[in-house]
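Student: Next input, structure requested:
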Amino acid sequence: MVKPRLKRYGKKQRVTYRIIAIDTQSRREGEAIQEVGFYNPRKEQTQLDLFAIAAALKKGAQLTETVRDILKRAKVPEQVGIDLSSKFKS
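Tutor: Below you'll find the model as predicted:
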């Protein structure tokens, strides 16, 4: 199964993340299938590839809780027309 999740980059105390589509069996720093965005928590910057995210969700990808919250803050569900509540399983 594929999940969009965060991949950590940067130095100590200077963390940034890339949002990637990756197999659930892979490690956090494992090889990504596709990079779909970028998130900088220090400056609250988010850059997303909406078409890649929508395509992954339509193929059955399940979001992690953190990525789901980032997408909601960026108002992706309204822009793409996808219900994120059905794509997340606790």
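
Student: and Val67, that one's in a helix?
Tutor: Yes. Per DSSP: H, G, I helix; E, B strand; the rest coil, Val67 lies within a helix segment.

Student: measure the closest residue to it other than its chain neighbours to Ile33 for me?
Tutor: Distances taken as Cβ to Cβ, 6 or more residues apart in numbering put Pro4 closest to Val67, at 5.0 Å, once the chain neighbours are dropped. Yep, even glycine has a C-beta here, placed from its N, CA and C like the rest. Applying Cβ to Cβ, to the nearest Å, the value for Pro4 to Ile33 is 10 Å.

Student: any shared contact partners between the two?
Tutor: Ile20, Ala21, Ile22 (Cβ atoms under 8 Å, 6 or more residues apart in numbering).

Student: Now which of those residues would you call buried?
Tutor: Buried residues within these, counting neighbours by 16 or more other Cβ atoms under 10 Å: Ile20, Ala21, Ile22.
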